[in-house]
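1. Following is a predicted model, sequence given first.
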Amino acid sequence: MYIEKLALKNYRNYDSLEIDFENKVNVILGENAQGKTNLMESVYVLAMAKSHRTSNDKDLIRWDEDYAKIEGRIKRKHGSLPMQLVISKKGKKAWCNHIEQQRLSQYVGNMNVVMFAPEDLNLVKGSPQVRRRFIDMEIGQVSPVYLHGVSQYLKILQQRNHYLKMLQIKKTSDETMLDILTEQFIQAAVKITAKRFEFLRILETWAQPLHKGISRGIETLEIHYSPSVNVLEGQDLSKMIEVFEDKFTKVKAREIERGTTLFGPHRDDVLFHVNGRDVQTFGSQGQQRTTALSVKLAEIELIHSEIGEYPILLLDDVLSELDDHRQSHLLNTILGKVQTFVTTTSVEGIDHQTIKEASTFIVNSGEIIRRN
Ligand SMILES: Nc1ncnc2c1ncn2[C@@H]1O[C@H](COP(=O)(O)OP(=O)(O)OP(=O)(O)O)[C@@H](O)[C@H]1O
């Protein structure tokens, strides 16, 4: 799939913008702080209904304006798909094919993107929260049911934490409600856990050969899900439920004492191992970079295998950060099959035919002109 038209209204530093793109590599060139990242972010937000760099939607609205609008026409195998997202101070509204979507979890997934930005190195080095967010967003792109499950889970978690707090401060001593919430919590938690196990196994299948290739055959990547409750990969849901129930019975008193939910998918992590060792702790900068790159490239292939179309790739300020070998691996992987946006302040140092043949757009103070 590719985006053939993008229109922005009051988005970050863009007042009004309408632009056509081709299904090839598009280089977005401009000085610092002109709006390159904002443009990439707008394409990401159009797909995911969420920014990759802020959780506050109001940041996306141009200063002193009331709303921001992103519209795009996505060319998919079966035809053109108009997508529209309006962000106002009251919330977000989304339309797909001119039909307003009642749930954002239904909207997400109609257009697929993979973003690779310098902060994606945090995928390996950052906190478990970064990795949980990554898997949730990526599974969400190919499974609306999962995304809906996560939002249900978070609601129950919030209610459960609220009730634990009441028990902690002795506003109530009745534990019946806690037991009901725990049952609901476990039902939601096991579904998320099972899906994450499954997703990471598929991601690993795609990432392993890529990592091997980038590391010139000397490194083997493994991806493991690390759950906070001692469930096992491949376990059936009824067994997982038993393990959760057992855990929550044992920790009930401790949770009341602490006033919060101590275990569950919101506390889990993902581990990346290179040649058998945790790359977060023992990996060099180079190994961490290769891991992040392999995982991103694997996502492209995974989406393609799940939905039968390649996603749109957004490379924000990242290409010039990679050495020649990693650069050409990336560019050879996407060659001719993935619509790609590359932002950069200069094309010097990016010595690849793909970039020489790309369309180039110049960004200057929230305005864009096409150069070739
Ligand atoms: N909500 C907003 N309203 C108006 N302007 C904004 C808003 N949010 C950010 N900006 C402006 O957008 C500009 C930054 O744009 P962006 O992050 O896209 O830069 P960039 O071209 O990617 O630069 P760099 O090469 O440094 O990454 C800044 O000038 C910032 O002040």
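-> Yep, that arrived.

2. So which bits of the protein are right by the ligand?
-> 12-13, 30, 32-38, 59, 61-63, 317, 345 (C-beta under 6 Å from any ligand atom). Yep, even glycine has a C-beta here, placed from its N, CA and C like the rest.

3. Just the buried ones among the residues you listed, please.
-> 12-13, 30, 34-38, 61-62, 317 (16 or more other C-beta atoms under 10 Å).

4. Show me the two of those that sit farthest apart.
-> Farthest pair in these (C-beta to C-beta) is Ile61 and Asp317. Separation: 23.2 Å.

5. Any idea which helix or strand in this structure has the lowest mean pLDDT?
-> Every helix and strand in the chain was compared by mean pLDDT, DSSP states H and E; the lowest is helix 353-356, with a mean of 84.

6. In terms of secondary structure, what does the next helix-or-strand element following that helix contact?
-> Sequence order places strand 359-364 as the next helix or strand after helix 353-356, per DSSP states H and E. Packing contacts for strand 359-364, counted by 3 or more C-beta pairs under 8 Å, 6 or more residues apart in numbering; DSSP states H and E, involve strand 25-29, strand 367-370.

7. Please work out which of those strands is packed deepest.
-> Of the helices and strands packed on strand 359-364, the one with the most neighbours on average (mean count of other C-beta atoms under 10 Å) is strand 25-29, at a mean of 22.

8. Walking through the stretch 151-300 of the chain, point out its helices one by one.
-> Assigned by DSSP state H, counting those that start in this stretch, the helices in the stretch 151-300 of the chain fall at 176-214, 237-258, 279-282, 285-307.

9. Out of the helices and strands packed on strand 359-364, which gets nearest to Leu8?
-> strand 367-370 (9.8 Å).

10. Tell me the strands beside the closest one, with direction?
-> strand 359-364 (antiparallel) (DSSP bridges).

11. Next, the buried residues of the partner strand.
-> 360-361, 363.

12. With stretch 343-362 instead?
-> For stretch 343-362, using 16+ other C-beta under 10 Å, the buried residues are 343-344, 347, 350, 352, 354-355, 358, 360-361.

13. got those residues as a markdown table, with distance to Gln280 columns?
-> Converted to a markdown table, the buried residues of stretch 343-362 look like this (distance: C-beta to C-beta, whole Å):
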| residue | distance to Gln280 |
| --- | --- |
| Thr343 | 27 |
| Thr344 | 28 |
| Val347 | 33 |
| Ile350 | 29 |
| His352 | 30 |
| Thr354 | 32 |
| Ile355 | 32 |
| Ala358 | 34 |
| Thr360 | 37 |
| Phe361 | 37 |
